[in-house]
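Visitor: Predicted model follows, preceded by the sequence.
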Amino acid sequence: MKNVTQLQRYMTENNIHAFFIGKRENVRYISNYTGEDSSLFITKEKCFFLTDPRYTEQASIECPNFEIILWKNFKNIGECIKEICKNIDITTLAFESNYINYNIYENIKKEVNFDLIPTIDIIENIRIIKSPEEIQNIRAACNITCRAFERIIKDIKVGVTEKELAAKLSMYMVLEGADTQPYGNILISGTRTSLLHGIPSSKAIEYGDFVLLDFGCQVNGYMSDMTRTVIVGKPTEKQKEVYNLEKEMLELSLSKMKPGISLKEIYEESIIPIKNTEYLKYHYKGIGHGIGLSLHEPPFMGPTSSDILEINSVRTIEPGIYIPNWGGVRIEDQILITENGYENLTWITHELIEL
Ligand SMILES: [Mn+2]
């Protein structure tokens with residue numbers, strides 16, 4: 001109930017009487033519920049869990065401190081909230097404005113006459129600092145991705161398709177202990193590696209291809225995310241040059257990681273190796289993100305970021321060079337910010353792996 005208490009403290013400080021939460025990761029963080037299609041209604045004194053009969057048993061096990069309400073017994077969520085609030089003194093109701101859909105918003109607005117307060121990233125910001133238990137889950141997820149990487153590189157050979165490798169990679173993560181829902185992996189090759197979020201295709205691996213693997217898994221809902229770019233055969237001079245610049249960008253960024261530093265400063269550091277080269281125009285400015293229950297969560301790192309690194313936050317660092325019709329290189333590590341610097345949770349080498 002620690003996370004609920006933190007949210008309720010925020011509500012008190014900001015004169016919010018009730019908070020309606022629908023985003024799956026926020027629901028999980030506040031209630032410990034691991035399923036889907038449910039929302040929370042939090043007041044200063046009570047916590048309500050809004051779901052349907054598919055999930056009542058699961059919710060009663062996972063969220064014993066919540067009162068379970070079957071919202072489908074009402075016309076809609078709005079009428080359900082009206083009923084919940086019958087005997088509670090509420091005039092302000094906050095909601096996640098970048099998540100709650102228009103229909104739900106309209107239904108609530110029609111049924112109650114509270115002030116509806118749109119909010120962004122309130123719970124996400126509470127989620128930035130990870131507890132020891134959260135860190136343990138993230139560390140386990142990172143270990144699984146690294147072990148799966150060690151397995152998949154043995155399968156990368158001329159003639160095998162991207163799709164086949166992507167399917168095996170997902171399987172390896174589950175076999176290594178991931179939750180059984182790894183998210184869509186990026187596993188692309190050759191000139192396709194310049195597609196930042198390319199989808200694995202039926203293309204077969206060819207000699208001389210870069211193969212870019214950007215993937216991760218979940219452990220108890222907590223995510224890992226790593227990228228390595230390997231080469232099949234021997235690299236050309238240009239492939240070597242681009243790879244080494246990228247590696248330098250990553251390692252310079254890592255060298256700056258410590259509590260208190262601004263994310264913008266790390267971005268500036270990351271582009272030093274390519275500043276006076278033709279490759280500057282081929283880098284992507286978003287070079288990392290927070291990670292936890294969501295794959296991409298605040299704070300985001302780039303030239304316009306105004307955030308600083310905080311102790312016990314977890315994030316990715318992933319500069320990259322993407323040259324259309326030629327190919328791209330990205331190396332991505334997941335790191336934990338510690339008192340004196342950082343701990344790299346991705347323990348696979350940054351050196352170019354030749355297969
Ligand atoms: Mn990432």
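Guide: Structure received. Numbering: from 1, shown residues only.
Visitor: what residue ranges in the stretch 201-350 of the chain score low on pLDDT?
Guide: Across the stretch 201-350 of the chain, nothing is flagged by pLDDT under 70.
Visitor: so what's residue 209 up against?
Guide: 189-190, 231-233 (Cβ atoms under 8 Å, 6 or more residues apart in numbering). Glycine gets a C-beta too; all of them are placed from N, C-alpha and C.
Visitor: Buried among those? Make that a ChimeraX selection.
Guide: Of those, the buried ones go into a single ChimeraX selection, burial set by 16 or more other Cβ atoms under 10 Å:
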select :189,190,231,232
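Visitor: And the contacts of residue 209, which is closest to residue 355?
Guide: residue 232 (5.2 Å; Cβ to Cβ).
Visitor: ok, residue 245 - how many residues close by?
Guide: Residues contacting residue 245 under the criterion other Cβ atoms under 10 Å number 18.
Visitor: Now it: closest residue in space, sequence neighbours ignored.
Guide: Leaving out its chain neighbours, the residue that sits closest to residue 245 by Cβ to Cβ, 6 or more residues apart in numbering is residue 273, at 5.0 Å.
Visitor: Can you report how many residues neighbour the one you found?
Guide: Look at residue 273: counted by other Cβ under 10 Å, it has 22 neighbours.
Visitor: try residue 2
Guide: 6.
Visitor: how close does it get to residue 129?
Guide: The gap separating residue 2 from residue 129 is 12 Å, by Cβ to Cβ, to the nearest Å.
Visitor: Would you check that the residue nearest to residue 245 makes contact with residue 251?
Guide: No - shown here, residue 273 and residue 251 do not form a contact pair, counting by Cβ atoms under 8 Å, at 9.4 Å.
Visitor: Tell me the secondary structure of the residue nearest to residue 180 when sequence neighbours are not counted, please.
Guide: Nearest residue to residue 180, sequence neighbours excluded (Cβ to Cβ, 6+ apart): residue 174, at 5.6 Å. For residue 174, the assignment made with DSSP: H, G, I helix; E, B strand; the rest coil gives helix.
Visitor: Number of residues surrounding residue 174?
Guide: So residue 174, with other Cβ under 10 Å, has 15 neighbours.
Visitor: how far away is the spatially closest residue to residue 55 that is not a sequence neighbour from the ion?
Guide: Leaving aside its chain neighbours, residue 55 sits nearest to residue 35 (5.2 Å; criterion: Cβ to Cβ, 6+ apart). Separation of residue 35 from the ion (Cβ to the ion, to the nearest Å): 25 Å.
Visitor: likewise residue 347?
Guide: Relative to the ion, and taking Cβ to the ion, residue 347 is found at 17 Å.
Visitor: What residues does the nearest residue to that residue once chain neighbours are set aside make contact with?
Guide: Using Cβ to Cβ, 6+ apart and skipping residues adjacent in sequence, the residue nearest residue 347 is residue 146, 5.4 Å away. By Cβ under 8 Å, 6+ apart, the contact set of residue 146 is 226, 346-348.
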